[in-house]
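Asks: pasting the structure only:
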Ligand SMILES: CC(C)(COP(=O)(O)OP(=O)(O)OC[C@H]1O[C@@H](n2cnc3c(N)ncnc32)[C@H](O)[C@@H]1OP(=O)(O)O)[C@@H](O)C(=O)NCCC(=O)NCCS
């Protein structure tokens, strides 16, 4: 078993392990999961992403943790904290993000994992504010922010999305301890 960083009633949030690769490649290649990203991810892009994320967790002690269901042992996606990878008026900042495989939507897993990550960010990392953002059309993701009682700060154009692209406009939410 890899390092466990957070435990919730139904989930383990842990360092990534080899067996996560195939389900993550599948999740990242699912057009439904990637609907609000510019494209689905190839096998090699997903493997490179796991490499980046797990290195960041090992070096910093936080990152996008792999989520494992306690009842079945299945890998279901990720939730966690990272440094937002772009410049804007609210960066540098800690961002909270989530991505689950479609068959695990609708069970409250993202909110359960994210609530525990916010607590981890405030208590262990002593973050003063944690942000989350998503395309204005990604209502499922925005609903997670609302369920977490995050505050809507407004909207912004994501600098890493091409100007004029349908997905450029993002909602911005924040949470404080
Ligand atoms: C965003 C995403 C994680 C949200 O997943 P989700 O399943 O809708 O969110 P939750 O895990 O919090 O589950 C909430 C749902 O589970 C239901 N639920 C069922 N059992 C529950 C329980 N025991 N506790 C809480 N909620 C429960 C809730 O009623 C809610 O249902 P609803 O969507 O019909 O209102 C998911 O859609 C996803 O991975 N999307 C693709 C990636 C993505 O866009 N990420 C964000 C990019 S910035």
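Replies: Arrived safely. The shown structure was predicted, so the numbers you read here are calculated from the model rather than taken from an experiment. Numbering: from 1, shown residues only.

Asks: what's near enough to touch the closest residue to the ligand within the chain?
Replies: Nearest residue of the chain to the ligand: residue 108, at 2.2 Å (CB to the nearest ligand atom). To be clear about C-beta, it is placed using only N, CA and C from the backbone, and glycine gets the same treatment. Contact analysis of residue 108 by CB atoms under 8 Å, 6 or more residues apart in numbering lists nothing.

Asks: Helices of this structure, start to end?
Replies: Counting by DSSP state H, the chain has helices at residues 21-28, 43-60, 109-123, 139-147.

Asks: so the third one versus helix 139-147, what angle?
Replies: It refers to helix 109-123. Angle of helix 109-123 versus helix 139-147, following axes from the mean of the first three to the mean of the last three CA atoms, to 10 degrees, is 50 degrees.

Asks: mind listing what's buried in helix 109-123?
Replies: For helix 109-123, burial by neighbour count (16 or more other CB atoms under 10 Å) applies to 109-118, 120-122.

Asks: re earlier: tell me which of the helices of the chain is the most buried.
Replies: Of the helices of the chain, the one with the most neighbours on average (mean count of other CB atoms under 10 Å) is helix 109-123, at a mean of 20.

Asks: Thanks again, I'm all set now.
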